[in-house]
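**Q** show me how the following folds:
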Amino acid sequence: MRKMSSLKPQPITSMLIKYQALIPHLQKKMHAMYVLVGADQYLLNDAALSIKKAWAKVGETDTKIIHINGTNDWTHLQEEANSYSLFAEHVLIDARLDKKTLDSAGKAKLTQYLQQANPRCLILLHASAVPIKSLQWLVSHAQVVVVQLVPLAESALKQWIATQFTQRSISFSADVPSLIHQYSQGNMLACAQNIEKLALISDDTSVLSAEIARTQLIDQCEFQLYELADACHAADSSKAIHLLRLACHHRAEPTLILWLLTQEIRQLMKLSLLLKHGVILSTACDQLKIWPQRVTSYGMSLKRLANTDLRQLLHESKRLDERIKTSQSHQVWHGLEQLALSLCLGGSAY
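**A** Reported below is the predicted structural model:
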């Protein structure tokens, strides 16, 4: 009697990769469809450009852009993917989905297409706002690669900066990537612009030093009030001090900054009172017209700051206001730094 095969079903290979893995992946094999997910605009643009460059190597390509807003657009996408171009042998469809969900019509059309994908067509789907969880059916598909574009952590971003210089055959001192990261405040677009600027002044015979780099860099961290408030709530004292010193350097009006910090202190005092009366945090924030995305950060501040801390900070705000009015400007910025540090550290700066 013939024995039946004992082969076990092969596990499905996950086709979910990070930005850092995209280039090596493209060098091995091209797939029928790539889906870009993530909010970092630089990473989105750079990943799309890398995919387009890799696809261009197969031959002359005709690129078509399709904006997905409804069911008819999915039908149009499927038709274009299955048709041939009059101008080139290969086609790249650059599909832009601005919604936060991939609806049933889109899922049905893509599933139908992928059953017999056109080998001369590549679909590049921008789905930056769609959660990864709702794309699991694509992650497990053999012909689809989902690229998750998450902002790089500090160490990874510094390594990326170093790699960019290495790829350009530019020698650099070990502290240059950290310096660029500091001046760009972790913004990849700003990092890329600074790298390009430094590449223009570099040559093959000299080493790019921190001193040379510093003369060319411009601090990209423009002072913005909401960033200072968010830094204080997040207990990011380094960023809060950096923003304040940048504001001082740019001769920002200290009264406006004091007003902002004082408003945050008053809001925290009102929140604390509502919570004391049994109102839950989300409801209390809603009553005070605090944006939903800032509820968590206000909650973090309330864990650090007791009512006595907040009353002391409000008292210090009044003292700073008197200094400003009496033109004691040399003491004001130091006082603003202490006030911000107190919000970050729980009232311990005084």
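
**Q** going forward, measure contacts between C-alpha atoms and count neighbours the same way
**A** Will do.

**Q** shouldn't I170 be within a strand?
**A** No - assigned with DSSP: H, G, I helix; E, B strand; the rest coil, I170 falls outside any strand and is coil.

**Q** now it: closest residue in space that isn't a chain neighbour?
**A** D204 (6.5 Å; CA to CA, 6 or more residues apart in numbering).

**Q** ok, now L16?
**A** V146 (4.8 Å).

**Q** give me the number of residues near that neighbour?
**A** 25 (other CA atoms under 10 Å).

**Q** swap in A117?
**A** Neighbour count of A117, defined by other CA under 10 Å: 20.

**Q** ok, now which ones touch the residue nearest to I170?
**A** D204 makes contact with 169-171 under the criterion CA atoms under 8 Å, 6 or more residues apart in numbering.

**Q** how near is the residue nearest to the spatial centre of the chain to I280?
**A** Centroid check for the chain by CA atoms, centre = their mean gives D40 as the closest residue, at 3.9 Å. Between D40 and I280 the computed distance is 33 Å (CA to CA, to the nearest Å).

**Q** now swap in C344 and tell me
**A** Taking CA to CA, one finds C344 at 23 Å from I280.

**Q** of these two, which one has the most company?
**A** Per other CA under 10 Å, whichever of C344 and I280 has more neighbours is C344, with 26 against 12.

**Q** got the confidence number for the more buried one?
**A** In this prediction, C344 carries a pLDDT score of 93.

**Q** so which bits of the helix or strand hosting it are buried?
**A** Here C344 sits within helix 329-345, counting by DSSP states H and E. Residues of helix 329-345 classed as buried: 332-333, 335-345 (neighbour count, 16 or more other CA atoms under 10 Å).

**Q** pick the one among those closest to A32.
**A** C344 (49.1 Å; CA to CA).

**Q** identify the residue spatially nearest to the closest one, adjacent ones excluded.
**A** In space, and not counting its chain neighbours, C344 is closest to A235: 4.0 Å by CA to CA, 6+ apart.

**Q** give me the element the one you found is part of.
**A** Using DSSP H and E, no helix or strand contains A235.

**Q** show me what contacts it?
**A** A235 sits in contact with 301, 343-345, where contact means CA under 8 Å, 6+ apart.

**Q** now it. Its backbone dihedrals?
**A** Per-residue torsions, A235: phi 60, psi 30 (degrees, to the nearest 10).

**Q** how close does it sit to Q167?
**A** 37 Å.

**Q** which pLDDT value goes with Q338?
**A** If you check Q338, the pLDDT there is 94.

**Q** what about it, distance to K239?
**A** Distance from Q338 to K239, by CA to CA: 14 Å.

**Q** got the phi and psi for I65?
**A** phi -100, psi 130.

**Q** quick check: closest non-adjacent residue to it.
**A** D94 (4.6 Å).

**Q** strands of this protein, start to end?
**A** 16-18, 33-37, 61-68, 90-97, 121-126, 144-148 (DSSP state E).

**Q** distance to L310 and mean pLDDT added to the ones you listed, as TSV?
**A** Shown next, in TSV, are the strands of the chain (distance: least, CA to CA, whole Å; pLDDT from 0 to 100):
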stretch	distance to L310	mean pLDDT
strand 16-18	43	93
strand 33-37	41	96
strand 61-68	49	92
strand 90-97	45	94
strand 121-126	46	96
strand 144-148	41	95
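
**Q** in a markdown table: the ones you listed, plus distance to P292.
**A** Conversion of the strands of the chain to a markdown table gives the following (distance: least, CA to CA, whole Å):
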| stretch | distance to P292 |
| --- | --- |
| strand 16-18 | 29 |
| strand 33-37 | 23 |
| strand 61-68 | 28 |
| strand 90-97 | 25 |
| strand 121-126 | 26 |
| strand 144-148 | 25 |
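
**Q** select, out of those strands, the one closest to E196.
**A** Among these, strand 16-18 comes nearest to E196, with 23.9 Å by CA to CA.

**Q** name the surrounding residues that touch that closest one.
**A** With CA under 8 Å, 6+ apart, strand 16-18 has contacts from 139, 145-150.
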